[in-house]
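Trainee: sequence plus predicted model, see below.
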Amino acid sequence: MRRAWIVVWKDVLSERRSKESLNALVFFSILLLFVFQFALGPERARVEAALPGLLWLGFILAGLLAFGRTFLVERENDCWEGLVLSPGDKSAIYLGKLAGNVLLMAVVEAVLLVLFAVFFGLDFTGVLPALCLVLALGTLGLAAVGTLFGAITAQLRARELLFPVLLLPAVVPILLGAVSATQSVILGQPLAEAAAWLKLLAAADLVYLVVGVLTFEFVLEG
Amino acid sequence: MTATGLEAVRGATAPPPASDLMIQAVHLRKIFGPTSVLDDVSLELGAGHGVTLLGANGTGKTTLLRILATLVRPSGGSLRIAGVDAVKAPDTARGVIDLVGHGSWVYEDLTALENLRFWTTMGGHDAAPARLRTALESVELDTVADRRARTFSAGMKRRLALARVLLGRARLLLLDEPFTGLDRAGRKWLSEYLMSFKARGGAFVLATHSFDAGIGVADRVAILAGGRIALERPAAGLGLDDLRRLYDDLAMGAEAGS
Amino acid sequence: MAVRTLGWLAVLALVAGVATAFGYAPREVVQGNVQRIMYLHVPAVLTAYLAFGLVFLGSVGYLLTRRPGWDRLALAAAEPGVIFTGITIASGSIWGKPTWGTWWTWDARLTSTAVLFLVYVGYLLLRGMIDEPDRRARAAAVVGILGTANIPIVHFSVKWWRALHQPATILGPEPSPIAAPIALTLVVNWLAFTLLLLYLVAKRTEIARLEDLHAG
């Protein structure tokens, strides 16, 4: 859809010019690394054992920040009503914003992976394709719910509080599935082992996307 | 402001629409919690006509305009825009409406041209660069076409919003204080644009609290006070002083009554 | 009035439920009397599911028709739903303490129910934060719809997650065929809870309607 694409184009352009979100998120990822290390203590083994969980913890925390800001640029520039008044299918806006969020998270996740590899001396090269698949499925689900709830909380006074409260319980399945699948992949197991989890993630992604596409127009009114 | 620019932008125009009623608002009410902002507002506007809505700040002008724009649902009453029930099918109605409100829908990190490209595409219109640039010429923003909107003054942002309207195919224009921030040449341009908009069969509602601008272009003047349209008169022959007197009487009457 | 009859029926059924749970159902050999809490725990979770089904119904109903009655249904069902979920968790925890030795383990059903609890508490918090009725109803409806659609997904993900780490602990009715007295007691209590839920929903809907009338 042309309109979904123009929304992505606009957000990527805005982000590239201002670099607000990306810089802060990347820096946040670096900070997380230190926080995780300090919280777990100096033994390498502990971090390695907790790695899948730490990765996804990092992704979710970054996601909370990123998705909460999905419509910030519309709010700040007073453009929300412009989106509401644009004719046609509103789900194009949802998909465009979703795509933008996925792109943003992809960059953050890549940075976090590299940081983890460097700081904890880990080697992901052997399992990279499988890992990317898990990341993609998990991120899609997170972003699908995050974009929808981001729109809901965009106009609220207490959005910083309410957004995590709504998002975290809703994405529990993604967290469980992604961590388990990541664990399996990192241990070098063949993809078939994680197949059940991947199917769960895919099913969850589908459900969240469908709900998002169908209900977004009701969120965007007024 | 170039008149020829207007012609060029219009390009292929639709044939003049039938003279149906653009707005049929009947007994509109709007309540926010315990406060009743609009009590009983009825308004009719035919194609090719314009009405200026006068009222002090806080009288509900903006709320009424937003209801007409289908941004806000009325608490009661009915609204038809170009024959379409705007409460039941707001999306259909939105196809013919354009709003120039308080916010000018300008993304600060984008250039003027990019902003136009975004909104024109979102509106489903042709966003060819040549078309966009011509529109910018018409509002005299062509020199800053590739400058980021962050640097624009309020007046420039308002003009950008008008360029956006030029590129659309709206038949009903809703304007909230559109003359603010425009210099004399800008006001003249806007007045001329609104006249030609009417001539092409469009209709507009112009909300303002200032008496000088906006009276000349309208066919009717309506004064909003006490949550209802207290007065509606043809604009022709209405002197500025008469208007001011009427308005003050009504405003005081509304205060005494409430 | 139909609602009042419903209320009395619910009270009768609850009395019958307690009577059968303590008088009629047999004392379990291994776990002892604490196993009787199952007659609270299982009906509570079933009723909670029913409540959230009603939330879904109300949410979809509002989005399709914009009639406030549907939104009131969603609200009226969500509040008892959260309470019944809380009862499920508390009773599950109490039941498990003698068996597990701790108040909490990440047992599959208990965890799923806890996640459900969090989702709908969030739902109620969201409702509390929006004053404008239409905006509130729409936002709540979307969250409610996603919450309900998520129930099976949460259930499976938690179940598989538990299966990875520990065999499932037994926190449910005896393996089939279930003995007749146990089944009967379960059914009576389940019926009682359902009646209670329906009564609460009906009452809460009425209160909500009066609140809206008063505010508008």
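Mentor: Received the coordinates, thanks.
Trainee: helix/strand/coil for the closest residue to chain B within chain A?
Mentor: In chain A, the residue found nearest to chain B is A:D78; the distance is 2.8 Å by Cβ to the nearest Cβ. The way it works is simple: take the backbone N, C-alpha and C, and place the C-beta from them, glycine included. Here A:D78 is recorded as coil under DSSP: H, G, I helix; E, B strand; the rest coil.
Trainee: was I right to think it contacts B:L99?
Mentor: No. Counting by Cβ atoms under 8 Å, A:D78 sits too far from B:L99 to count as a contact (11.8 Å).
Trainee: dump the residue contacts of the nearest residue to A:S91 once chain neighbours are set aside.
Mentor: Closest residue in space to A:S91, ignoring its immediate chain neighbours: A:V213 at 4.4 Å, by Cβ to Cβ, 6 or more residues apart in numbering or on different chains. By Cβ atoms under 8 Å, 6 or more residues apart in numbering or on different chains, A:V213 lies in contact with A:S91, A:Y94, A:L95.
Trainee: and the last one, how many neighbours?
Mentor: Under the neighbour criterion other Cβ atoms under 10 Å in any protein chain shown, A:L95 is assigned a count of 23.
Trainee: what's around A:L206, how many residues?
Mentor: A:L206 has 13 neighbouring residues, counting by other Cβ under 10 Å.
Trainee: and the pLDDT for it?
Mentor: For A:L206, the pLDDT comes out at 96.
Trainee: ok, now the one 3 residues further on?
Mentor: Each residue has a pLDDT score; the one for A:L209 is 96.
Trainee: how close does it get to C:A74?
Mentor: For A:L209, the distance to C:A74 equals 23 Å [Cβ to Cβ, to the nearest Å].
Trainee: which of those two has more neighbours?
Mentor: When A:L209 and C:A74 are compared for neighbours, C:A74 comes out ahead with 29 against 21, by other Cβ under 10 Å.
Trainee: tell me the helices and strands packed up against the helix ranked longest in chain C.
Mentor: Among the elements of type helix in chain C, defined by DSSP state H, the one spanning the most residues is helix C:180-215. Under the contact definition 3 or more Cβ pairs under 8 Å, 6 or more residues apart in numbering or on different chains; DSSP states H and E, helix C:180-215 sits against helix C:2-19, helix C:38-65, helix C:68-100.
Trainee: next one: the first one to chain centre, how far?
Mentor: For helix C:2-19, the separation from the chain centroid amounts to 18 Å (computed by Cα atoms, centre = their mean, to the nearest Å).
Trainee: what do you get for stretch A:182-198?
Mentor: 21 Å.
Trainee: can you report how many residues neighbour residue 185?
Mentor: Just going to use chain A. Neighbours of A:V185 under the rule other Cβ under 10 Å: 27.
Trainee: looking at chain C here, not the other one
Mentor: Counted by other Cβ under 10 Å, the residues lying close to C:T185 total 25.
Trainee: hmm, it is touching C:Y24, no?
Mentor: Yes. C:T185 is in contact with C:Y24 according to Cβ under 8 Å; the separation is 6.1 Å.
Trainee: what about the closest residue to chain C within the stretch 101-250 of chain B, how many neighbours?
Mentor: When distances are taken as Cβ to the nearest Cβ, the stretch 101-250 of chain B reaches nearest to chain C at B:G227, 15.4 Å away. Each residue near B:G227 was counted by other Cβ under 10 Å, and the total is 22.
Trainee: ok, now which ones touch it?
Mentor: Taking Cβ under 8 Å, 6+ apart as the criterion, B:G227 is in contact with B:S36, B:V37, B:L38, B:D39, B:D40, B:V41, B:T59, B:G60.
Trainee: at 6 Å instead, please
Mentor: Taking Cβ atoms under 6 Å, 6 or more residues apart in numbering or on different chains, we find B:G227 in contact with B:L38, B:D39.
Trainee: quick one: the longest helix of chain C to helix C:2-19, angle?
Mentor: Computed by axes from the mean of the first three to the mean of the last three Cα atoms, to 10 degrees, the angle separating helix C:180-215 from helix C:2-19 equals 150 degrees.
Trainee: which one's more surrounded, A:D78 and B:L99?
Mentor: Higher neighbour count among A:D78 and B:L99: B:L99, with 27 against 16, using other Cβ under 10 Å.
Trainee: for that one, name its beta-bridge partners.
Mentor: B:L174 (DSSP bridges).
Trainee: who in chain A is up against chain B?
Mentor: With Cβ under 6 Å from any Cβ of the partner chain as the criterion, chain A comes near chain B at residues A:3, A:6, A:10, A:14, A:17-18, A:77-79, A:81-82, A:85-87, A:222.
Trainee: out of those residues, which end up buried?
Mentor: The neighbour-count criterion (16 or more other Cβ atoms under 10 Å in any protein chain shown) marks A:3, A:6, A:10, A:14, A:17, A:77-79, A:81-82, A:85-87, A:222 among the residues of chain A next to chain B as buried.
Trainee: centre of the chain to the longest helix seen in chain A, how far?
Mentor: With residue count as the measure and DSSP H as the assignment, chain A has helix A:91-120 as its longest helix. Average the C-alpha atoms of helix A:91-120, do the same for its chain, and the two points are 6 Å apart (Cα atoms, centre = their mean).
Trainee: who does it touch, helix- and strand-wise?
Mentor: Using 3 or more Cβ pairs under 6 Å, 6 or more residues apart in numbering or on different chains; DSSP states H and E as the contact criterion, the secondary-structure elements in contact with helix A:91-120 are helix A:2-18, helix A:20-40, helix A:44-68, helix A:128-154, helix A:195-220.
Trainee: please work out the average pLDDT along that helix.
Mentor: Taken as a whole, helix A:91-120 carries a mean pLDDT of 91.
Trainee: and the angle from it to helix A:195-220?
Mentor: Orientation of helix A:91-120 against helix A:195-220 (the same axes, to 10 degrees) gives an angle of 130 degrees.
Trainee: which stretches of chain A aren't confidently modelled?
Mentor: Where chain A drops to pLDDT under 70, the residues are A:222.
Trainee: from B:R159, how far off is the spatially closest residue to C:P68 that is not a sequence neighbour?
Mentor: Nearest residue to C:P68, sequence neighbours excluded (Cβ to Cβ, 6+ apart): C:D212, at 6.3 Å. From C:D212 across to B:R159, the span is 45 Å (Cβ to Cβ).
Trainee: what residue ranges in chain C score low on pLDDT?
Mentor: Residues of chain C that meet the cut-off, pLDDT under 70, sit at C:28-31, C:164-178, C:215-216.
Trainee: who in it is up against chain A?
Mentor: Proximity of chain C to chain A is assessed by Cβ under 6 Å from any Cβ, with C:63, C:115, C:118-119, C:122, C:129, C:138-139, C:142, C:145-146, C:149, C:153-154, C:157, C:161 identified as the residues in range.
Trainee: can you name the two of those that are farthest apart?
Mentor: Maximum pairwise distance in the residues of chain C next to chain A, criterion Cβ to Cβ, is 33.3 Å, between C:R138 and C:W161.
Trainee: who has more neighbours, the two?
Mentor: For C:R138 versus C:W161, the count of surrounding residues by other Cβ under 10 Å is larger for C:R138: 25 against 21.
Trainee: can you give me the neighbour number for residue 106?
Mentor: In the absence of a named chain, chain A is used. One way to gauge burial is a neighbour count; for A:A106, by other Cβ under 10 Å, it gives 15.
Trainee: try chain C instead
Mentor: A count of nearby residues for C:W106, using other Cβ under 10 Å, gives 13.
Trainee: could you do B:L38 as well?
Mentor: The local packing count at B:L38 equals 27, with neighbours defined by other Cβ under 10 Å.
Trainee: how about C:L213?
Mentor: Taking other Cβ under 10 Å as the criterion, the count of residues near C:L213 is 8.
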